[in-house]
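K.L.:
Can you look at this prediction? I've put the sequence above it.
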Amino acid sequence: MEQTQPKKNPARRSFFDRVPPYVFITFIYVLTIDLLVFYATRPLLPYLPAHSLSTPLDEMIPVSPAWVTVYFLSFLSWVVTVLWILSESKRHAYRLCGIYSIIMIASLVCFLAYPVTIERPEITGSGLFNDWTRFLYRVDSPTNLCPSLHVVISYICWRGTMDCEKIPKWYRWFNLFFLILVCFSILFVKQHFIADIFVAVIITEGALQIGRVTRIERIGFAIEERFKRRKAE
């Protein structure tokens with residue numbers, strides 16, 4: 001008598017079994033283009049004139065190392081939120097990839113056409129927050145400031161969750177609250193100017209509207225269909 005294999009209990013399936021492969025593929029794509037645009041432009045920046053977008057209001061903002069906690073926590077928040085948005089549906093994942101591509105192309109143009117730098121203060125004294133801020137200054141040079149990618153990603157996390165039915169409403173509004181905190185953090189740790197925030201919001205919202213009007217997710221579905229046809233041949 002032929003024995004049937006027992007079905008796996010969905011509750012016992014691993015994380016990788018429960019999450020569709022396209023989620024990881026699109027996440028790797030988003031992460032890759034982000035790192036490429038941010039770091040690949042840096043070797044060219046020493047040969048380009050650097051500018052400052054400082055205003056009297058920027059000068060009035062004091063350095064506050066405690067805000068570095070929000071700066072670093074944002075990385076964890078992005079990973080969780082982006083994976084959640086990508087998991088909503090394939091349409092959401094492909095749309096996010098298309099919109100993010102537009103944002104990164106626009107950011108690349110800004111970084112090279114009008115490089116912005118900031119003069120950061122010397123952090124003295126001991127303490128955890130001071131140590132973290134000094135560490136941030138060592139690992140992250142004051143370049144590629146406008147638009148602020150911290151604001152770009154936090155903004156797209158907030159706007160992206162607003163269109164997701166599987167994401168609780170409280171978490172959608174948490175992302176708006178966290179976006180505001182991120183805007184304060186990049187100013188208080190002297191990583192960005194106020195103008196960097198406004199440019200980031202304009203570019204991101206513009207890309208979101210372009211993606212919505214053009215139904216940019218169709219590009220992802222077209223690429224997927226092409227791969228399927230090649231695999232079938």
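P.N.:
Looks like it came in fine.
K.L.:
Is the most centrally placed residue in the chain within a helix or a strand, and which one?
P.N.:
Taking C-alpha atoms, centre = their mean, the centroid of the chain lies closest to residue 153, which sits 2.8 Å from it. Element membership for residue 153, per DSSP states H and E: helix 149-161.
K.L.:
which residues does residue 62 contact?
P.N.:
residue 188 (C-beta atoms under 8 Å, 6 or more residues apart in numbering). Backbone N, C-alpha and C define where each C-beta goes, glycine included.
K.L.:
So it belongs to a strand, correct?
P.N.:
No: counting by DSSP: H, G, I helix; E, B strand; the rest coil, residue 62 falls outside a strand, being coil.
K.L.:
ok, back up a step: who's in contact with the residue nearest to the centre of the chain?
P.N.:
34, 74, 78, 82.
K.L.:
And for stretch 117-128, what's in contact with it?
P.N.:
By C-beta under 8 Å, 6+ apart, stretch 117-128 touches 50-52, 54, 63, 65, 130, 133-134, 137, 142-143, 145, 190-193.
K.L.:
what's the following helix or strand after the lowest-mean-pLDDT helix or strand in the chain?
P.N.:
Scoring the helices and strands of the chain by mean pLDDT, DSSP states H and E places helix 15-18 at the bottom, with a mean of 56. Next helix or strand after helix 15-18 toward the C-terminus (DSSP H and E): helix 21-40.
K.L.:
what angle do that following helix and helix 149-161 make?
P.N.:
160 degrees (axes from the mean of the first three to the mean of the last three C-alpha atoms, to 10 degrees).
K.L.:
Could you list every helix and strand in contact with helix 21-40?
P.N.:
Applying 3 or more C-beta pairs under 8 Å, 6 or more residues apart in numbering; DSSP states H and E, we find helix 21-40 packed against helix 68-88, helix 90-113, helix 149-161.
K.L.:
Do me a favour and average the pLDDT over the last one.
P.N.:
Spelled out, it's helix 149-161. Helix 149-161 carries an average pLDDT of 96.
K.L.:
Ok, the longest one next?
P.N.:
Rounded to a whole number, the mean pLDDT of helix 90-113 is 96.
K.L.:
Low-confidence ranges, this protein, go.
P.N.:
In the prediction, the chain carries residues with pLDDT under 70 at positions 1-17, 233.
K.L.:
Repeat the analysis, applying 50 as the threshold.
P.N.:
1-2, 14-16 (pLDDT under 50).
K.L.:
wait, residue 148 sits on residue 194?
P.N.:
No: using C-beta atoms under 8 Å, residue 148 is not in contact with residue 194; the gap is 10.0 Å.
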